[in-house]
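In: Give me a 3D structure for the following:
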Amino acid sequence: VMWNLDQAMVAAGMRYFDGAVREFVDLHAHGQREDGMIWSFHEPDDGPDYYETFYGPLGFCRSKGGLRWVRQPAENHPESFFVRCLIQAWQATGDDEWARGKVDYAIRALDFAASDPLRWNAELGLLVRPYTIDMWDFQADDPTLPPSLGSAKMMVVPGVTKMTVFHGDNTLFARVSRELASLLDRFGRPVDAARIRSRGDEVFARTLSRCWASDNWIHKVELDPAVERGLGDVPEDERLSYSSALSLTRGLDPTRAGKILDRYEALAADLPAGSPGEGYFMYPPYDRGFDGDSARWEYMNGGVSAAVSAAIARGAFAFGRSDYGTDVLRRTLTRGLSEGRLHWGWRGATGKDPPRGPYRTVDVSRSARMALAAPAPKGRRPWMDETVPGNDLAAFPEGPFEADGVPFSPVGDAVAISERPTWDAEFAVATSGRWGSVSLLHTAGSIGEDGAIGYVTWRYVDGTERTVAVLRDRHGGGWWFPRLTAEGASVAWSG
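Out: Model (predicted):
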């Protein structure tokens with residue numbers, strides 16, 4: 001497996017069936033950067049690409065041995081997962097001689113993680129990262145995201161990116177520190193073992209102090225308490241994520257572990273409509289901030305995974321809740337058998353979210369210059385410049401109506417923008433107040449090969465702005481038989 005995190009997760013199970021678990025450790029020990037950094041993944045080096053162009057100058061991409069080695073700047077777990085891969089390989093093979101030759105690579109990796117100024121906060125003595133969903137390498141697209149070369153959501157700008165403390169990075173670091181210390185004791189290195197163990201224990205204690213609320217983890221703790229990301233209304237200490245389940249086997253005491261298991265059992269008893277189970281990568285999903293990379297109820301933003309369910313079950317078994325753990329596995333297996341395999345992920349809910357409100361409509365009549373009919377009344381552009389009578393939207397209903405609970409007030413004509421000559425290239429409308437969401441009643445004539453219908457830019461009173469692409473099939477489509485595949489978009493009218 002090319003990715004460091006994926007290898008650790010796959011090897012956790014495959015070590016019982018396949019002895020080929022040392023090779024990844026050998027390869028990534030060979031590729032380890034001189035300062036101890038571990039790469040996120042490797043791939044064949046087939047010439048210059050995005051990573052070499054944008055990551056290379058920052059030290060996050062290099063070519064070596066016919067492979068391209070890449071570190072995702074937002075990640076802060078590769079060093080810990082490298083050590084976890086080493087431990088799992090040793091457990092699977094019992095090969096002391098091989099493991100003895102790898103422990104120094106592991107020590108260098110953890111020492112790097114606990115000293116790199118980009119990802120280690122010396123004042124707190126904790127690992128830090130930008131705001132991501134759990135361990136994901138995509139940052140939230142929020143007002144704090146600084147511009148950068150390449151994809152801003154993947155990059156970290158030193159001293160500018162707003163960082164957070166994530167319990168998952170730190171509990172993982174603490175666990176593998178304990179495991180590596182035990183291996184060092186076995187190999188007759190008590191001084192190294194004591195140092196690694198002590199630092200891991202301190203990280204774990206600090207993590208509990210800063211990231212544990214009364215009955216749950218705080219998903220992300222902002223280093224700057226003044227930061228407002230605008231990702232939705234769910235408090236950080238009301239979230240369950242993949243690392244919530246993983247933390248159950250990383251040293252939690254029975255009381256705290258019981259609180260997390262209580263939350264999972266309560267969720268299992270009251271799942272959203274169509275949910276395949278409580279093993280969510282993130283629950284509840286985010287309203288905003290990750291739309292372009294993971295829509296609500298999809299993948300990391302509210303998707304359900306057999307991997308998370310397995311972590312919940314292991315935690316339940318570890319803390320004496322075997323009936324619940326067995327139930328989680330039985331339900332997951334039953335679903336897998338019914339579908340022919342255990343999927344990595346399922347959509348987290350099938351029903352639409354209840355409409356948010358109250359809504360207010362925005363008057364765009366001053367910019368509406370395209371008629372819904374073809375041919376058009378004098379002074380109006382015909383619908384989509386159609387010349388064939390009747391090939392139009394003249395049957396569209398007049399007056400206010402609702403679509404999926406959202407009120408609209410059509411003005412009789414349509415605002416039309418296009419890159420074509422003689423068309424308006426853009427239009428703007430001024431409004432005021434705080435909005436939780438914006439719903440558009442729109443359609444398209446022709447759509448380019450890139451799938452972009454257009455772009456919406458919000459310009460705020462403080463001078464900042466945010467632009468979002470309106471994409472075919474995700475946010476809208478052509479006016480003839482549109483196909484919409486993403487949550488939050490639907491056909492408002494047909495006729």
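In: Please tell me I have it right and residue 329 contacts residue 310.
Out: Yes. Contact criterion Cβ atoms under 8 Å: residue 329 and residue 310 qualify, at 7.4 Å. From N, CA and C alone the C-beta is placed, and that goes for glycine too.
In: Could you list the low-pLDDT ranges of the protein?
Out: The model of the chain has pLDDT under 70 over residues 149, 351-357, 436, 449-450, 481, 483-488, 495.
In: quick one: the helices in it?
Out: 4-14, 23-31, 50-54, 78-93, 96-100, 103-113, 167-186, 190-211, 242-246, 254-269, 306-318, 322-339 (DSSP state H).
In: Dump those helices into JSON lines; add mean neighbour count as well.
Out: Shown next, in JSON lines, are the helices of the chain (neighbours: other Cβ atoms under 10 Å):
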{"stretch": "helix 4-14", "mean neighbour count": "19"}
{"stretch": "helix 23-31", "mean neighbour count": "18"}
{"stretch": "helix 50-54", "mean neighbour count": "16"}
{"stretch": "helix 78-93", "mean neighbour count": "24"}
{"stretch": "helix 96-100", "mean neighbour count": "14"}
{"stretch": "helix 103-113", "mean neighbour count": "21"}
{"stretch": "helix 167-186", "mean neighbour count": "23"}
{"stretch": "helix 190-211", "mean neighbour count": "17"}
{"stretch": "helix 242-246", "mean neighbour count": "25"}
{"stretch": "helix 254-269", "mean neighbour count": "16"}
{"stretch": "helix 306-318", "mean neighbour count": "23"}
{"stretch": "helix 322-339", "mean neighbour count": "15"}
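In: Let me have these in TSV, extended by distance to residue 228.
Out: Compiled in TSV, the helices of the chain are given as follows (distance: least, Cβ to Cβ, whole Å):
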stretch	distance to residue 228
helix 4-14	30
helix 23-31	39
helix 50-54	28
helix 78-93	30
helix 96-100	47
helix 103-113	29
helix 167-186	21
helix 190-211	20
helix 242-246	24
helix 254-269	26
helix 306-318	29
helix 322-339	36
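In: Tell me which of those sits nearest to residue 446.
Out: Nearest of the helices of the chain to residue 446, taken as Cβ to Cβ: helix 50-54 at 29.2 Å.
In: just checking, what packs against that closest one?
Out: When contacts are defined as 3 or more Cβ pairs under 8 Å, 6 or more residues apart in numbering; DSSP states H and E, helix 50-54 packs onto strand 61-64, strand 67-70.
In: Would you list the strands that the last one pairs with, along with their directions?
Out: It refers to strand 67-70. Here strand 67-70 has these sheet partners by DSSP bridges: strand 41-44 (antiparallel), strand 61-64 (antiparallel).
In: Out of the ones you listed, the one nearest residue 383 is which?
Out: strand 41-44 (48.7 Å).
In: Wait, residue 251 touches residue 171, no?
Out: Yes. Residue 251 is within contact range of residue 171, at 6.9 Å (criterion: Cβ under 8 Å).
In: Could you name every residue contacting both of these two?
Out: residue 204 (Cβ atoms under 8 Å, 6 or more residues apart in numbering).
In: one step back: put together JSON lines for the helices and strands packed on helix 50-54, with distance to residue 259 on each row.
Out: Shown next, in JSON lines, are the helices and strands packed on helix 50-54 (distance: least, Cβ to Cβ, whole Å):
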{"stretch": "strand 61-64", "distance to residue 259": "41"}
{"stretch": "strand 67-70", "distance to residue 259": "38"}
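In: Please work out which of the ones you listed is packed deepest.
Out: Among the helices and strands packed on helix 50-54, ranked by average contacts under mean count of other Cβ atoms under 10 Å, first place goes to strand 67-70 (a mean of 22).
In: For it, what is the distance to the chain centroid?
Out: Offset of strand 67-70 from its chain centre (Cα atoms, centre = their mean, to the nearest Å): 23 Å.
In: contact partners of that strand?
Out: Outside strand 67-70, the residues that touch it by Cβ under 8 Å, 6+ apart are 31, 39-45, 49, 51-52, 55, 60-63.
In: again, 10 Å this time
Out: Contacts of strand 67-70 with the rest of the structure, by Cβ atoms under 10 Å, 6 or more residues apart in numbering, involve 2-3, 27-28, 30-33, 37-52, 55-56, 60-63.
In: Ok, which of the strands paired with strand 67-70 comes nearest residue 482?
Out: Proximity to residue 482 (Cβ to Cβ) singles out strand 41-44 among those, at 36.7 Å.
In: Restricting the selection to alpha carbons, write the closest one to CSV.
Out: What follows is strand 41-44, C-alpha atoms only, in CSV (Å, rounded to 0.1, in the frame of the first residue of the first chain):
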residue,chain,number,x,y,z
PHE,A,41,3.2,8.2,0.5
HIS,A,42,5.3,7.0,-2.3
GLU,A,43,4.5,6.5,-6.0
PRO,A,44,6.4,5.7,-9.2
